[in-house]
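Novice: coordinates only, no sequence provided:
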Ligand code: BGC
């Protein structure tokens, strides 16, 4: 069936709907779905996060998912083909879970290293982001599942994300922040785009007519659905007129009934509603939910499903970035390790395989490095494991040792319902209160019960959530007050950090009574209503000294020490930015002491985004494993033992110290966050910055060496010849940078224009061809509001990374 016939069927379905039905289709019916409209043969569209797996419609640990490496890892492969295969693997998961729309990929940029969701975005460079993102969307959609490119646009930090206005110059907006969206729309035709929480230069994004209707739909020809980020739609008229199609989540949103009413009283034209409904019906038709239309990609023309575990492992291997490798300590050869390996770090046993927040899925399994090395090493090679430090999260939702239940009361104290709970986390919508309690009748919620400590000492208790609380432990009131949300973030109760409220001495095995009374328990935001707060607890802090001493002793008596250091969910998650880039706990001390005890110390960094590594010059090798997904441990063992080489290159500059970085600010002032650095972020900023990063953008070593032999250019492509000069087969990511021959202070000295991968056996050469898009020679002209080619001489560099430019030639652009 051709496109015109499909559109005709969509029109016909639209024409059969009355105003109420149309308005209802633009509003979530619950957290994840749109309503079915049987009268036109339309089934319910189901959406789910993204981006490392498909969670499904439940937030339920028993509903597990294939868990791929996190987006920074995917970008570190610099391999669009792998990103496409990742997309296919996720599409298979979506089919398995009855999901039609994947809420991914996230293509915001690494503007500041403090960005909390850095791990969930790809890169500081718009071209790398666009190439990986476009391939990912293609992979998902060629299997018949819709992808959602998010968050449009400039949701590059989390602080005050619901209310912040990002003030961005037109050039930076076009050349950096909009660029990935533009290229992905052009190349991969995504079926949805998600509108961000933040405002850009005035209007909040869900109401930003200029960017949504003007740029995205008008200029770029986007024909999919613009869905709000969850709770981002605030105003019926401004959102529909601003180009938003669907408001999520339901059941009460600013669309639905409120939209129908706005049409009836003349505040909104029915045509605006029809335009949005047409987009939703087109989406439904694409994913096969509109009777009478085959899905856009029929089952028989979809690619053969990927083997999920195999893709997860391959991406991980190809994403690991070897930052340095003194005296070729890696790969390890078990044949010459009679003293064995001392494997150190909690994360060697319990790795952090993914970041937190809405990106959370529940992995179907997790392969740790400890398990994988045990399997891979010959019996004769000794392997010891020491945790080294205690990384138990300071304050976490009350769980172990607590017996809790809730009491729901009415205004005058009458008990409406009681229910046991399995943890200190309360999360109900207004229609799912325990015992079917009527939300309007609810006045207070008490979370109460017993806590039996395992250890004697000073225990800390805390709260998460917004509102007035009284917290009493063993008869002592630890807190009686109110917590307001700084940035009016309605999701703070779900994603915010718990706040410590007081300490109390307790004795092991002696139960005490705990009561957390929420006197204003209702969380209301727009039309979303519910109850959400948590009781948090931290056991007495233990000294890490004995753990460190044991790790040092193990390292001293082994041939090699492998230390795995990691961030935690309290560091890399959603809803807050980072405050420091230091590794949590005493991990820096641990590495320093192990390195002093064994010169052959290899550090594996299990983090989704940059961390400071003050010990980096004192250790033999540093390998970044990112958040490596469920198969990460197996991939790490392959790379450490040389079965594979680490294939990753940095998708973002790795700084030495936060204070060195050119752009860090994520905190708005009076609600405004100025992007004053213009087009100078990431390596574009470091080029003109006095400090030097620890490792530049694009950097990464394999296990062989390469020479760059020749570089030839035509007007629209470059040909590079490289030779493998080492003694094992390898893979080189050849990067092409372009910059004006004559320095131009308004532009970076050079920027990424293309890349491609070469593989070659020892001694052999490889020729690769890299297209040079015209856009590489253009700027956004703020006077004419158009892309303008800047004529003149350009230097074209074939490079190993953004600072290691191996060959240069000149190209004249007319
Ligand atoms: C996040 C989105 C996510 C949505 C649904 C929001 O808080 O910003 O990325 O898709 O929640 O979970």
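Specialist: Structure received. Keep in mind the model is a prediction, meaning the values are calculated, not measured.
Novice: in stretch 235-255, what counts as buried?
Specialist: The neighbour-count check on stretch 235-255 (16 or more other C-beta atoms under 10 Å) flags 235-236, 238-255 as buried. C-beta: built from backbone N, CA, C; applies to glycine.
Novice: what about the residues you listed, which are in helices?
Specialist: Within the buried residues of stretch 235-255, residues falling in helices by DSSP state H are 236, 238, 239, 240, 241.
Novice: for those residues, which one is nearest the ligand?
Specialist: Among those, residue 239 lies closest to the ligand (C-beta to the nearest ligand atom), at 16.6 Å.
Novice: what about the closest one, distance to residue 168?
Specialist: 21 Å (C-beta to C-beta, to the nearest Å).
Novice: what parts of the stretch 401-550 of the chain come near the ligand?
Specialist: With C-beta under 6 Å from any ligand atom as the criterion, the stretch 401-550 of the chain meets the ligand at residues residue 491.
Novice: show me the shaky parts of the stretch 301-450 of the chain.
Specialist: The model of the stretch 301-450 of the chain has pLDDT under 70 over residues 392-393.
Novice: what's near enough to touch the closest residue to the ligand within it?
Specialist: Closest to the ligand within the stretch 301-450 of the chain is residue 358: 3.5 Å, counting by C-beta to the nearest ligand atom. When contacts are counted by C-beta atoms under 8 Å, 6 or more residues apart in numbering, residue 358 touches 49, 50, 103, 230, 495, 574.
Novice: doesn't it lie inside a strand?
Specialist: No. Counting by DSSP: H, G, I helix; E, B strand; the rest coil, one finds residue 358 to be helix, located in no strand.
Novice: any idea how far it is from residue 197?
Specialist: In terms of C-beta to C-beta, residue 358 sits 12 Å off from residue 197.
Novice: next: residue 307.
Specialist: 37 Å.
Novice: between those two, which is the more surrounded one?
Specialist: residue 197 (26 against 13; other C-beta atoms under 10 Å).
Novice: please parse the chain into its domains.
Specialist: Domain assignment for the chain by automatic domain parsing gives 3-56+68-298, 321-393+543-646, 396-538, 704-813.
Novice: give me the most central residue, the chain.
Specialist: residue 120 (1.3 Å; C-alpha atoms, centre = their mean).
Novice: ok, that one touching residue 356?
Specialist: No. Counting by C-beta atoms under 8 Å, residue 120 sits too far from residue 356 to count as a contact (9.5 Å).
Novice: what residues are shared contacts of those two?
Specialist: The contact lists of residue 120 and residue 356 share residue 574, where a contact means C-beta under 8 Å, 6+ apart.
Novice: buried residues, the host helix or strand of residue 562. List them.
Specialist: Taking DSSP states H and E as the definition, residue 562 sits inside strand 560-566. Buried residues in strand 560-566, counting neighbours by 16+ other C-beta under 10 Å, are found at 560, 561, 562, 563, 564, 565, 566.
Novice: against the ligand, how distant is the closest residue to the second one other than its chain neighbours?
Specialist: Leaving aside its sequence neighbours, residue 561 sits nearest to residue 555 (C-beta to C-beta, 6 or more residues apart in numbering; 3.8 Å). Look at residue 555 and the ligand: by C-beta to the nearest ligand atom, to the nearest Å, they are 41 Å apart.
Novice: please apply the same query to residue 19.
Specialist: Residue 19 is 28 Å from the ligand, by C-beta to the nearest ligand atom.
Novice: quick one: contacts for the closest residue to that residue other than its chain neighbours?
Specialist: Residue nearest to residue 19 in three dimensions, not counting chain neighbours: residue 260, with 5.2 Å by C-beta to C-beta, 6+ apart. Contact partners of residue 260, counting by C-beta under 8 Å, 6+ apart, are 19, 20, 22, 23, 24.
Novice: quick one: buried residues of the helix or strand hosting residue 260?
Specialist: Per DSSP H and E, residue 260 falls inside helix 257-264. Within helix 257-264, the residues that count as buried by 16+ other C-beta under 10 Å are 257, 258, 259, 260, 262, 263.
Novice: between the helix or strand following it and helix 257-264, how many degrees?
Specialist: Counting by DSSP H and E, the next helix or strand C-terminal to helix 257-264 is helix 270-286. Inter-element angle recorded for helix 270-286 and helix 257-264: 140 degrees (by axes from the mean of the first three to the mean of the last three C-alpha atoms, to 10 degrees).
Novice: now do the buried residues in helix 270-286.
Specialist: Going by 16+ other C-beta under 10 Å, helix 270-286 has these buried residues: 272-286.
Novice: which bits of the stretch 101-250 of the chain sit near the ligand?
Specialist: Checking the stretch 101-250 of the chain against the ligand by C-beta under 6 Å from any ligand atom, the hits are 103, 150, 229, 230.
Novice: just the ones of those residues in helices?
Specialist: Per DSSP H, those never map to helices.
Novice: mind giving me the ChimeraX select for these, buried ones only?
Specialist: Command for ChimeraX, covering only those of those found buried under the criterion 16+ other C-beta under 10 Å:
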select :103,150,229,230
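Novice: tell me the two of the residues of the stretch 101-250 of the chain next to the ligand that are most distant?
Specialist: Maximum pairwise distance among these (C-beta to C-beta): 10.7 Å, between 150 and 230.
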